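**Student:** Sharing a model prediction with you, sequence too.
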Amino acid sequence: MSDTVALLTTSTHTSGTQTLVGEKVKGDAYFGQTDGLHTIAVDLNGFIGKVVIQGSLEDNPGDNDWFDIQLSDGEFAVDVSGKITSISVESLVYTAGENSRKAYNATGNFVWLRANITDWTAGTITSIEMNR
């Protein structure tokens, strides 16, 4: 299965410090898929704030059934022994106006995913989309 769904559509900051939680969208595990690969595209314009992608393993998640998902952008680190590890983050934090469209991978058999925006003080979220 491969289709693109919106975690958040265009949203513009209006005033003060805002928060925004997107609607839940079905992840791989909802459909019985086992590869668990989700690609997230984050498109920002002048954005200042924090973007977190969250997942749930529950069929009908409540407020406390969500956890932050590790995101990887394909960057790797090599230590002195030659070991290669993927660099990943739980949140995307921007303290100066961010203008970018970047892709991240999240791996896990998540039933549901959503975007959680906090500390939002400026700019526009053009879109946050997921390809599962």
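**Tutor:** In hand now; what should we look at?

**Student:** which ones are touching Tyr89?
**Tutor:** One correction, residue 89 is Val, not Tyr. By Cβ atoms under 8 Å, 6 or more residues apart in numbering, Val89 lies in contact with Gln70, Leu71. Quick note: C-beta positions are derived from backbone N, CA and C, even for glycine.

**Student:** For it, give me phi and psi.
**Tutor:** Here is the backbone geometry of Val89 (degrees, to the nearest 10): phi -140, psi 160.

**Student:** same thing with Ile84?
**Tutor:** Note on Ile84: backbone dihedrals following degrees, to the nearest 10 are phi -100, psi 130.

**Student:** What count of nearby residues applies to it?
**Tutor:** Ile84: 8 surrounding residues under other Cβ atoms under 10 Å.

**Student:** Check Leu7 too.
**Tutor:** Burial of Leu7 is recorded as 24 neighbouring residues (other Cβ under 10 Å).

**Student:** Cross-check the contact I'm expecting between it and Glu129.
**Tutor:** Yes: the pair Leu7 / Glu129 is scored as a contact, 6.6 Å apart, by Cβ atoms under 8 Å.

**Student:** mind checking the end-to-end distance for stretch 70-89?
**Tutor:** Stretch 70-89 has an end-to-end distance of 5 Å (criterion: Cα to Cα, to the nearest Å).

**Student:** and that stretch, average pLDDT?
**Tutor:** When pLDDT is averaged over stretch 70-89, the result is 79.

**Student:** same question, stretch 104-114
**Tutor:** Confidence for stretch 104-114, expressed as mean pLDDT, is 95.
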